[in-house]
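Engineer: requesting a structural model of the entry that follows:
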Amino acid sequence: MAKTDLVDALLALEGRKEAEAFLADLCTPGEVRALSERWLVAQLLDAGELSYREIATKAKSSTATVVRVARFLKDMPHKGYRRVLDRLASARR
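Structural biologist: Purely as a prediction, here's the structure:
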């Protein structure tokens, strides 16, 4: 039930400032960095311009993180990364 409650809390947020405040309260600075790192890796993978090693360097992450994010981006059924990447791309158009 805790996961559902967390999702409900995220959906209740209104705007960037509220999201930043919630993340600051919910996560340690290291956890926020890790989430930010994974998101950057997903964006760089989606752009398709860099090798895994170059992405790891640019995102200051491990190649294992790049491989894991790539697997979730391409193969996993959740499609969370894909959905958000596509929505943000549509919003920019």
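
Engineer: longest helix anywhere in the chain?
Structural biologist: helix 29-47 (DSSP state H).

Engineer: now for that one, which elements pack on it?
Structural biologist: Helices and strands touching helix 29-47, by 3 or more CB pairs under 8 Å, 6 or more residues apart in numbering; DSSP states H and E, are helix 16-26, helix 52-59, helix 63-74, helix 80-92. Where C-beta positions appear, they are placed from N, C-alpha and C, glycine not excepted.

Engineer: check which residues of the last one are buried.
Structural biologist: It refers to helix 80-92. Residues 81, 85 are the ones in helix 80-92 that count as buried (16 or more other CB atoms under 10 Å).

Engineer: use 25 as the first number from now on
Structural biologist: Taking 25 as the first residue, the last one we looked at is helix 104-116.

Engineer: so what does that helix touch, helix or strand wise?
Structural biologist: Applying 3+ CB pairs under 8 Å, 6+ apart, we find helix 104-116 packed against helix 53-71, helix 87-98.

Engineer: hang on, the earlier thing: list the contacts of the longest helix of the chain.
Structural biologist: Applying CB atoms under 8 Å, 6 or more residues apart in numbering, the contact partners of helix 53-71 are 47-48, 51, 74, 79-80, 82-85, 89-90, 93-94, 97, 105, 109.

Engineer: with Val31 as the reference, name the closest of the helices and strands packed on helix 104-116.
Structural biologist: Evaluated with CB to CB, the helices and strands packed on helix 104-116 place helix 53-71 nearest to Val31, the distance being 15.2 Å.

Engineer: this completes my enquiry, with thanks.
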